[in-house]
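Chemist: model this:
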Amino acid sequence: MRRTVAPYDRKAAAYDAIVGRPVYHRVFWGTSTQSFGRFGRAALEAAGDGPFAEVGCGSLLFTAPMYREVRARSVALVDRSMGMLRRGRRRLGSAERPLPAGITMLHADGAALPLRRGIFPAILSLNLLHVPCDRSAIVAECARSLLPGQGRLFVTSLVRSGRWSDGWLSMLHRAGELAAPLTVDQLRETVAGRWALIESVSLEGNMCFLVVRHGG
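Modeler: I've put the predicted structure just below:
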């Protein structure tokens, strides 16, 4: 059976070359790569000693350093692009060296997660919900995998914010690079829906940092 090619398999290198530049985030979206790193670490800390997952982990542009430091913890890194996962694997060490203890890289779609139901204290998803994807299915799968009444979902997504770059968002959507842009309120409703309680929402330029807790 032929392996399905994900869109980011073909443009993994180009994606990293552009999105890995701090100036790109500062100029176009009014945010910073450091903010992604801090948000990722907050999510990992929220898991405590429990299992943790990053859904749509890509090439680990912003989170590889924290995974290199992981000790005695179960971490699942999930992405539908094998090309991105390979690049992420290299960020965690050479192919000849084993992954840090407890880390598993999974080639899977966020809309059909190969994760157990109701066991994760925290799940992270950086910059996934603003690319073309089934947002509702991804959120539903994360909700299914979180600890009922306790688990937290940490999400970042580009949104309309009244900046000049709202027009750039729309242009990238028309080009097929981004999903239909949402407002902050629309993102909150998409992510929290009727299953979660919103714990925090912050906006840096066009980037929204959202944390919700499973309502049980």
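Chemist: show me the contacts for Leu182.
Modeler: Going by CB atoms under 8 Å, 6 or more residues apart in numbering, Leu182 touches 130, 157, 159-160, 190. Bear in mind the C-beta positions are built from the backbone N, C-alpha and C, glycine included.
Chemist: can we see that at 7 Å?
Modeler: Listed by CB atoms under 7 Å, 6 or more residues apart in numbering, the contact set of Leu182 reads 159-160, 190.
Chemist: could you single out the nearest of those to Ala76?
Modeler: Thr190 (22.9 Å; CB to CB).
Chemist: the closest one touches Asp134, doesn't it?
Modeler: No: counting by CB atoms under 7 Å, no contact exists between Thr190 and Asp134, whose distance comes to 11.2 Å.
Chemist: higher neighbour count, these two?
Modeler: Thr190 (17 against 14; other CB atoms under 10 Å).
Chemist: low-confidence ranges in this structure?
Modeler: For the chain, the stretches flagged by pLDDT under 70 are 1-5, 72, 94-95.
Chemist: where do the strands sit along it?
Modeler: Taking DSSP state E to define them, one finds strands in the chain at 52-55, 75-79, 103-107, 122-126, 152-158, 196-204, 207-214.
Chemist: for Ala175, which of the ones you listed is the nearest?
Modeler: Set against Ala175 and scored by CB to CB, these come closest in strand 152-158, at 14.3 Å.
Chemist: pull the distance from that closest one to the chain's centre.
Modeler: Strand 152-158 sits 7 Å away from the centroid of its parent chain (CA atoms, centre = their mean, to the nearest Å).
Chemist: that strand - contacts with which helices or strands?
Modeler: If contacts are counted by 3 or more CB pairs under 7 Å, 6 or more residues apart in numbering; DSSP states H and E, strand 152-158 sits against helix 33-46, strand 122-126, helix 184-192, strand 207-214.
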